[in-house]
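Student: got a sequence here, can you model it:
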Amino acid sequence: MGFFENSQKILVSTIDHHHCTDGSTDCVYAGICGCSVYLFDILIMKKLQANIRLILINALVFLGFSSICLLALELVLRSTDKLDQSTNPAPSYIPMRYRRVDSEINSSGKTDIWGFRSSDGRDLLEELNKARSKKCRVVILGDSFVWGDGLRVGERWPDYLKNISQCEIHAFGKNGWTTLEQFAFYEGRLISKDFDHLLIGYVTNDPHLVIRLDKAYLNLPNGTSFEKYRKDGSYLTRALGGLSVFRLDSDTTTNQFINIFSKIGNDLNKFIVKPLASKLHSVDYLDQRLRAISYSLPTVTLENMNDKSDGLVVAWGYQNWREYLYSTTNFEKWSESLVKFSEIARHPVTLVLTPENNTDKDILHIKMAKQSAEKAKFNVVDCSYVNESLFGRELARPREFWANPADGHPGKEQNKGFAVCADATIKSMLK
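Tutor: Coordinates of the predicted model:
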């Protein structure tokens with residue numbers, strides 16, 4: 001009875017009362033018997049309308065409150081440095097103005113047709129082809145540490161080495177190059193060149209088993225000898241998260257679902273998040289902070305649908321991604337590639353270990369690389385002592401030793417130390 005009594009006003013207004021001249025409740029109940037379903041639908045619609053109205057009101061309140069918060073955050077970020085984290089050695093947010101300076105620094109100097117950076121953009125491979133002087137000749141291969149990410153030309157460790165060495169120094173480095181890519185480039189472009197010694201700069205993220213260089217660039221029509229060490233069954237991502245939650249920064253994909261997942265996120269990032277973040281400090285701040293949270297997610301291994309013998313690896317966050325590089329599955333294959341390089345190299349080779357940090361984890365990874373290189377008959381020089389002398393055993397490298405406030409690559413002092421370390425190796429070779 002309670003149901004009908006509470007709904008009586010609605011029901012009376014929707015039922016024909018002509019059969020009950022007194023309008024009694026009994027007459028209403030009798031009318032219900034013939035149209036109960038119809039009346040129930042009306043009640044549901046009324047309830048639904050009320051819920052929709054409530055949802056819309058709450059949404060408007062939430063949007064209004066969020067807009068006020070974003071406006072306040074925007075004002076704080078634009079007018080103060082309270083949230084800049086300028087001295088934090090492991091910041092979760094880097095302001096736009098710092099990143100603009102970093103971009104300007106990386107745009108300084110010029111790159112040649114191969115992507116190698118110098119002060120004037122001259123062809124560095126062609127320089128190596130020129131008749132040599134009476135000096136000894138040393139070639140350096142490396143990644144962003146040799147290219148000089150975050151530094152100006154003249155501030156990289158090969159630049160400092162040129163100033164103090166008795167030998168000609170020819171450096172070839174590109175951002176993101178892996179050990180395999182450096183080996184492949186040597187095989188295709190450097191193996192027949194006239195020089196005395198090869199230094200390969202080693203950074204703790206170099207065991208990434210990918211080769212993204214095409215055959216024409218490598219000058220190897222039939223492919224490189226290091227192709228077999230690639231791990232195309234891996235899906236390694238350095239970041240997951242931010243405002244475009246689905247974004248996955250990957251090198252290879254072998255699973256259709258992951259490809260779709262990645263495309264959605266990348267499109268969200270490209271067309272919505274990045275344009276907004278480039279204009280609004282508040283959006284940029286939230287995107288970076290959310291991405292920093294995602295870095296703490298654990299590594300997840302999924303089954304590779306195309307190759308049952310090799311797991312599809314999804315490593316979320318830079319540290320988890322790097323940790324995977326030193327797993328048995330990955331690192332053993334990388335170590336095998338060192339043996340292969342030792343077999344084909346026509347020049348004396350030294351692996352120069354240049355870690356950016358000095359944590360227990362970095363020391364362990366450097367030790368593993370050193371042991372593998374020595375087993376492969378490489379000469380090895382460990383420049384970790386440079387970090388020990390500059391900032392000791394810190395959980396995170398002090399910001400003052402960064403390349404610049406927005407770029408965590410090694411700064412000038414570390415690079416000067418690496419140059420001295422490498423020069424000591426060259427001098428020992430000349431004795």
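Student: what helices or strands is the helix ranked longest in the chain leaning on?
Tutor: In the chain, assigned by DSSP state H, the helix with the most residues is helix 36-79. The elements that helix 36-79 packs onto, with contact taken as 3 or more C-beta pairs under 8 Å, 6 or more residues apart in numbering; DSSP states H and E, are helix 8-14, helix 281-294. From N, CA and C alone the C-beta is placed, and that goes for glycine too.
Student: any idea which of the ones you listed scores lowest on pLDDT?
Tutor: Note on those: helix 8-14 shows the lowest mean pLDDT, a mean of 40.
Student: so what's the predicted local confidence for the nearest residue to residue 109 once chain neighbours are set aside?
Tutor: Excluding its sequence neighbours, the residue lying closest to residue 109 (C-beta to C-beta, 6 or more residues apart in numbering) is residue 153, at 3.7 Å. On the pLDDT scale, residue 153 is placed at 96.
Student: burial measure for residue 153, as a count.
Tutor: Residues contacting residue 153 under the criterion other C-beta atoms under 10 Å number 16.
Student: my read: residue 213 touches residue 185, true?
Tutor: Yes - counting by C-beta atoms under 8 Å, residue 213 touches residue 185, with 6.9 Å between them.
Student: between those two, which one's more packed in?
Tutor: Counted by other C-beta under 10 Å, residue 213 and residue 185 do not tie: residue 185 has more neighbours, with 23 against 18.
Student: may I ask which helix or strand encompasses that one?
Tutor: Using DSSP states H and E, residue 185 falls within helix 179-185.
Student: keeping just the C-alphas, turn that helix into PDB.
Tutor: The C-alpha coordinates for helix 179-185 follow below in PDB (Å, rounded to 0.1, in the frame of the first residue of the first chain):
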ATOM      1  CA  THR A 179      74.800  -1.100 -28.200                       C
ATOM      2  CA  LEU A 180      73.500  -3.100 -31.100                       C
ATOM      3  CA  GLU A 181      73.000   0.000 -33.200                       C
ATOM      4  CA  GLN A 182      76.500   1.100 -32.400                       C
ATOM      5  CA  PHE A 183      77.900  -2.300 -33.400                       C
ATOM      6  CA  ALA A 184      75.900  -2.300 -36.600                       C
ATOM      7  CA  PHE A 185      77.100   1.200 -37.500                       C
END
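Student: what helices and strands are in contact with that helix?
Tutor: Helix 179-185 packs on strand 137-142, strand 197-202, helix 328-344, going by 3+ C-beta pairs under 8 Å, 6+ apart.
Student: quick revisit: give the next helix or strand downstream of the longest helix of the chain.
Tutor: helix 96-107.
Student: what's the angle from that following helix to helix 281-294?
Tutor: For helix 96-107 against helix 281-294, the angle by axes from the mean of the first three to the mean of the last three C-alpha atoms, to 10 degrees is 80 degrees.
Student: remind me what helix 96-107 packs against, helices and strands.
Tutor: Judged by 3+ C-beta pairs under 8 Å, 6+ apart, the packing partners of helix 96-107 are strand 402-404.
Student: ok, residues contacting the strand it packs on?
Tutor: Strand 402-404 has contacts (C-beta atoms under 8 Å, 6 or more residues apart in numbering) with 98, 101-102, 105, 149-151, 408-411.
Student: may I see the ChimeraX selection of the buried members of those residues?
Tutor: This is how ChimeraX selects the buried members of the contacts of strand 402-404, with burial counted by 16 or more other C-beta atoms under 10 Å:
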select :98,102,105,149,150,151,408,409,410,411
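Student: nearest to residue 398, of the contacts of strand 402-404?
Tutor: Among those, residue 411 lies closest to residue 398 (C-beta to C-beta), at 9.9 Å.
Student: doesn't residue 148 make contact with the closest one?
Tutor: No - contact between residue 411 and residue 148 fails when scored by C-beta under 8 Å: they sit 11.2 Å apart.
Student: what is in contact with those two at once?
Tutor: Common neighbours of residue 411 and residue 148, using C-beta under 8 Å, 6+ apart, do not exist here.
Student: pick the one among the contacts of strand 402-404 closest to residue 376.
Tutor: Set against residue 376, the nearest of the contacts of strand 402-404 by C-beta to C-beta is residue 410 (25.5 Å).
Student: tally of neighbours for residue 81?
Tutor: If we define neighbours as other C-beta under 10 Å, then residue 81 has 11 of them.
Student: how close does it sit to residue 43?
Tutor: The spacing between residue 81 and residue 43, counted by C-beta to C-beta, to the nearest Å, is 58 Å.
Student: ok, residue 325 - contacts?
Tutor: Residues near residue 325 by C-beta under 8 Å, 6+ apart: 204-205, 207-208, 331, 334.
Student: who wins for most neighbours among those residues?
Tutor: Greatest neighbour count in the contacts of residue 325, by other C-beta under 10 Å, goes to residue 207: 26 neighbours.
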